[in-house]
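Asks: everything below, folded, please.
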Amino acid sequence: MTTRARLVGINHVALEVGDLDEALTFYGRIFEIGLRGRMAGMAFIDIGDQFIALSAGRTQPPDEARHFGLVVDDKEAVRAALQEAEVEISPGRGLNFRDPWGNLVQVVEYGDIQFTKAPAVLRGMGLEDLEKRPEALRELSEKGLG
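Replies: Below is the predicted model:
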């Protein structure tokens, strides 16, 4: 049997948007963002050791179910920013919203999930004090990752 590569993580997520400047303004109203770089038709939002690639030129209608999830240090701060920006929050138990181009975004808090940044990355992001809640630590431990 051939050895297969193991998935290690996600380097980046690419989102199609209508206009890069509008997208940077929109996401900058919701999240504290830093621009990793920019080139013709593309802008890159830094997330420590990962990034979001914004690609100009979206023309298709919103996806029904396709989405991506973002991990934040403070989910309630995102909720407040969405309300202040008058962005509709999707009904349900999670914190979900659509950007102006129909991209569905799910927001989860770092402490609640298994996803873990390396301590050096958290330090570099100024987030060294982030902690996991007991439920997330238990899930990690059950998988031998805690």
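Asks: from here on, contacts and neighbour counts on C-alpha atoms
Replies: Will do.
Asks: any regions of the chain where pLDDT drops low?
Replies: In the prediction, the chain carries no residues with pLDDT under 70.
Asks: where do the strands sit along it?
Replies: Using DSSP state E, the strands of the chain run over residues 12-17, 35-39, 42-47, 50-56, 67-72, 95-98, 104-109.
Asks: and these: which comes nearest Glu139?
Replies: Distances from Glu139 to each of the strands of the chain were compared by C-alpha to C-alpha, and the smallest falls on strand 104-109, at 15.2 Å.
Asks: how far away is the residue nearest the centre of the chain from Thr2?
Replies: Among the residues of the chain, Leu70 comes closest to the average C-alpha position under C-alpha atoms, centre = their mean, at 2.3 Å. Per C-alpha to C-alpha, to the nearest Å, Leu70 is found 34 Å from Thr2.
Asks: is Val105 in contact with His67, as I believe?
Replies: Yes - the criterion here is C-alpha atoms under 8 Å, and Val105 meets it with His67 at 5.8 Å.
Asks: ok so, going back, the residue nearest to the centre of the chain contacts Val107, doesn't it?
Replies: Yes - counting by C-alpha under 8 Å, Leu70 does reach Val107; the two are 5.0 Å apart.
Asks: still on that earlier bit, indicate which one of the strands of the chain is closest to Ala80.
Replies: Of all the strands of the chain, strand 95-98 sits nearest to Ala80, with 11.1 Å by C-alpha to C-alpha.
Asks: so what's the gap between that closest one and the chain middle?
Replies: The chain centroid and the centroid of strand 95-98 are separated by 11 Å, computed with C-alpha atoms, centre = their mean, to the nearest Å.
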